[in-house]
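Chemist: Structure for this input, please:
(3 chains)
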Amino acid sequence: MAEGHAVIRWARRLAPLVGEPLVHVQMPKRWGERPQTLVGQRLLPPRTHGKHLLLPLSGGETLHCHGAQYGSWQVGERPMELRKEPKHVRLRLDTADHEAVFYHGPTVELLTPDELAAHERLNRLGPDIMAGGEGSPDFDRAEAVHRIRQRGEDPIKPVLLDQRVVAGIGNIYASEGLFLARVDPRRPAASVTEAELDALWDATIPMMWDGTTRYGRTETTPREMWDEGHTRWVYQRKNKPCHVCGTPIELVRLPPYERATYLCPACQR
DNA sequence: TACATATGATCAT
DNA sequence: TGATCCTATGTAA
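Modeler: You can find the predicted model right below:
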């Protein structure tokens, strides 16, 4: 549901609340009374790292949210009719005029500055594929290449999904990017050349930004190519003809998690 | 009505 | 390597 581009979309949608004092905060009970201490604080501009959303508050603490496959945000003017059952609410932030509700996401935690600095899961993330913002990419390619090389014989596609290697790429963009870079997803990670990885980043980064800003959905092909509801080069197009050469698209599953991987056996070597 | 699948990730073993 | 959590959606029966 939420690859890096979608998380940036969430951060942007929170803009109406930024800088305004919180008048109400709702969080799961396991944080006890701490949410009450957030009332009166202001939400500072949200940050993202890969699929992680960080909401700094004027008091110094930071809310950390991760949506996995099912998390979603609803942002609107108050009063707002909830799109889902109240029991599904994981976090709710209200300002005088707006409210933001996070549903279903498995991670919602309030971190002190020390906890944020020592956060293992955040600290081990690889370089953010979306870093620098649209039009001024600041993705650390050298660090990503270094981390990919360390994976040796592991197939490149699942390596790209490991957030410790590169943060922000999800299952759709991994298949789509490797197709555009003409790299076979089964190849050993260390065998993919620097030029091929450059082609991969060059294809993937603008594709993900387009997903953010142009369509608001995970669509990767030009509209005139869409067939039978398919809006991507290879993902979920098993046995459909490749948009480039006509060869039927293949579905393979690669270790360690056997997640669906799509490729054109003719275009990708 | 049941089942398969999923744009994610962690934990136990 | 397998189990588990979270929920929505499409397809088969």
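Chemist: Leaving out the residues flanking it, which one is nearest to the residue of the stretch 101-250 of chain A found nearest DNA strand C?
Modeler: Going by CB to the nearest atom of the strand, DNA strand C is nearest to residue A:104 of the stretch 101-250 of chain A, at 4.3 Å. Yep, even glycine has a C-beta here, placed from its N, CA and C like the rest. Once flanking residues are discounted, residue A:104 sits nearest to residue A:70: 4.2 Å by CB to CB, 6 or more residues apart in numbering.
Chemist: On the three-state scheme, the one you found is what?
Modeler: With DSSP: H, G, I helix; E, B strand; the rest coil as the basis, residue A:70 sits in coil.
Chemist: Count residues in the vicinity of it, would you?
Modeler: 12 (other CB atoms under 10 Å).
Chemist: quick one: the residue of chain A found nearest DNA strand B and residue A:72, what's the gap?
Modeler: Going by CB to the nearest atom of the strand, DNA strand B is nearest to residue A:170 of chain A, at 2.5 Å. Per CB to CB, to the nearest Å, residue A:170 is found 15 Å from residue A:72.
Chemist: Kindly report the same for residue A:118.
Modeler: For residue A:118 relative to residue A:72 (CB to CB), the value is 29 Å.
Chemist: How about residue A:160?
Modeler: With distances taken as CB to CB, residue A:160 is found 24 Å from residue A:72.
Chemist: if you count what's nearby, which of those two comes out ahead?
Modeler: Higher neighbour count among residue A:160 and residue A:72: residue A:160, with 29 against 17, using other CB under 10 Å.
Chemist: Tell me which helix or strand the nearest residue to the more buried one once chain neighbours are set aside sits in.
Modeler: Excluding its sequence neighbours, the residue lying closest to residue A:160 (CB to CB, 6+ apart) is residue A:174, at 4.6 Å. Element membership for residue A:174, per DSSP states H and E: helix A:171-180.
Chemist: same question, residue A:197
Modeler: According to DSSP H and E, residue A:197 maps onto helix A:194-210.
Chemist: Following element in sequence after that helix, please.
Modeler: strand A:250-254.
Chemist: Any chance you could list what contacts that next one?
Modeler: Strand A:250-254 is contacted from outside by A:155, A:157-158, A:185-186, A:238, A:259-265, using CB atoms under 8 Å, 6 or more residues apart in numbering.
Chemist: residues near the residue of chain A closest to DNA strand B, how many?
Modeler: A count of nearby residues for residue A:170, using other CB under 10 Å, gives 21.
Chemist: again with residue A:244
Modeler: 14.
Chemist: pLDDT below threshold where in chain A?
Modeler: Low-confidence segments of chain A (pLDDT under 70): A:1, A:29-33, A:212-217, A:229.
Chemist: Thanks again, I'm all set now.
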